[in-house]
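*Asks:* no sequence on hand, only this structure:
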């Protein structure tokens with residue numbers, strides 16, 4: 001489901017009728033259906049009885065073609081009705097999705113992998129099969145994908161599988177937290193609508209709408225509706241001047257390398273908590289011919305010490321158990337000490353909120369361009385735009401997502417008006 005706007009004349013014509021219906025005490029929510037452009041529109045009342053006649057929900061074309069399910073049923077509920085559910089992939093991601101499926105009352109019958117990865121191994125007590133073996137074993141089945149990739153050949157495999165089989169690609173938050181399902185959308189309806197209203201162009205709203213549709217449908221067709229071109233961001237969204245760049249969650253320097261290739265960088269200020277990634281990042285920066293600072297720390301709300309999982313990958317994050325290391329926490333405001341910067345990127349593995357709060361003084365003072373990851377937690381899609389708006393009201397906001405399965409690489413770009 002996605003949100004949009006109705007023309008003022010249509011609203012003026014409809015509101016008197018809606019107000020009359022809302023006057024009855026026994027009606028808390030009135031759903032009115034009628035055709036408008038692409039499909040079915042659904043008006044709704046907030047619980048306090050006030051009518052917002054300019055907002056509506058509708059179903060995407062792929063949803064209308066795909067199913068006749070009840071309006072409240074997300075794909076997690078659809079899976080209960082499948083004759084068999086099999087999982088494509090293994091590892092940590094599979095275990096995380098399995099826990100969600102179990103909580104929804106869905107059992108997985110088998111696991112399979114791409115033919116080149118099947119070597120007689122087992123996963124959770126079951127032999128990992130090939131897809132051809134799955135097709136021989138089950139007359140009818142749904143596939144739940146349990147891994148991600150941005151590699152073109154892997155994404156082509158998903159495209160082919162989507163054409164031949166009943167494929168679902170879950171979007172489970174990489175950093176935990178609430179599941180983005182119907183109950184979540186219902187609980188955060190007002191915040192979702194408010195965040196959408198902050199977006200500054202039609203493509204941003206299309207991406208926003210496609211993200212919600214995909215997270216509820218699990219379908220590749222909805223996910224692909226949100227794909228954008230990275231070059232367009234550098235050419236048309238971000239400012240063109242030479243810049244001082246703060247890279248929060250610098251990993252191995254890949255984003256810094258992209259920045260240097262696209263802009264005449266003055267200084268790179270890199271912040272990275274994972275020790276192995278930090279070493280590679282610093283080695284890159286020392287060789288690129290640009291002035292730099294490298295901080296082995298986690299971008300945070302204030303200076304201190306945090307406990308992290310020792311993973312040596314993009315997934316390094318604060319840990320609750322397992323092998324851990326203590327890492328310094330630094331606020332960007334503390335690192336900068338009042339210096340002006342032009343561009344800040346936040347890819348902090350679920351700590352974007354804290355990193356933003358730790359740079360609030362800088363954002364208020366000089367309104368640098370921002371690039372903020374919005375995919376690590378379910379609420380990031382709406383909570384982070386609203387937070388940024390509260391810190392710096394002068395930003396224009398653009399939402400873009402680049403090719404990746406599942407819905408990763410979703411970024412909010414903020415540029416001062």
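*Replies:* Thanks, I have it. It should be emphasised that the depicted structure is a prediction, and the values quoted were computed from it without experimental measurement.

*Asks:* got the confidence number for residue 148?
*Replies:* Per-residue confidence at residue 148 stands at 92 (pLDDT).

*Asks:* and the nearest residue to residue 350 once chain neighbours are set aside, what helix or strand is that in?
*Replies:* The shortest distance from residue 350 to any non-neighbouring residue, by Cβ to Cβ, 6 or more residues apart in numbering, is to residue 175 (3.0 Å). The C-beta positions use only the backbone N, C-alpha and C, and glycine is treated the same way. Using DSSP states H and E, residue 175 is not contained in any helix or strand.

*Asks:* touching, residue 175 and residue 352? I think so.
*Replies:* No: the pair residue 175 / residue 352 is not scored as a contact, 9.7 Å apart, by Cβ atoms under 8 Å.

*Asks:* overlap in contacts of those two?
*Replies:* Common contact partners of residue 175 and residue 352 (Cβ atoms under 8 Å, 6 or more residues apart in numbering): residue 376.

*Asks:* what about those two, which has more around it?
*Replies:* Taking neighbours as other Cβ atoms under 10 Å, residue 175 and residue 352 compare with residue 352 leading, 27 against 17.

*Asks:* please name the nearest non-neighbouring residue to that one.
*Replies:* Closest residue to residue 352 apart from its sequence neighbours, by Cβ to Cβ, 6+ apart: residue 346 at 4.9 Å.

*Asks:* related to what we said a few turns ago, show me what contacts the residue nearest to residue 350?
*Replies:* Counting by Cβ under 8 Å, 6+ apart, residue 175 has contacts 317, 349, 350, 376, 377.

*Asks:* and the two most separated of those residues?
*Replies:* Greatest spatial distance among the contacts of residue 175 (Cβ to Cβ): 317 and 377, at 11.0 Å.

*Asks:* low-confidence ranges, the stretch 201-350 of the chain, go.
*Replies:* Residue ranges of the stretch 201-350 of the chain with pLDDT under 70: 310-322.

*Asks:* all strands of the stretch 151-300 of the chain, in order?
*Replies:* 166-168, 243-248, 265-271, 291-295, 298-299 (DSSP state E, counting those that start in this stretch).

*Asks:* okay, those strands, which one's buried deepest?
*Replies:* strand 298-299 (a mean of 28; mean count of other Cβ atoms under 10 Å).

*Asks:* and the helix or strand just after that strand, what's buried?
*Replies:* Downstream of strand 298-299, the first helix or strand assigned by DSSP H and E is strand 304-309. The neighbour-count check on strand 304-309 (16 or more other Cβ atoms under 10 Å) flags 306, 308, 309 as buried.

*Asks:* dump those residues to a markdown table, plus distance to residue 232.
*Replies:* Putting these into a markdown table (distance: Cβ to Cβ, whole Å) gives the following:
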| residue | distance to residue 232 |
| --- | --- |
| 306 | 36 |
| 308 | 34 |
| 309 | 35 |
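
*Asks:* out of the residues you listed, which is nearest to residue 340?
*Replies:* Scanning the buried residues of strand 304-309 for proximity to residue 340, where the rule is Cβ to Cβ, the winner is residue 306, at 27.4 Å.

*Asks:* against residue 286, how distant is the closest one?
*Replies:* With distances taken as Cβ to Cβ, to the nearest Å, residue 306 is found 26 Å from residue 286.

*Asks:* and what of residue 215?
*Replies:* Taken as Cβ to Cβ, the span from residue 215 to residue 286 is 41 Å.
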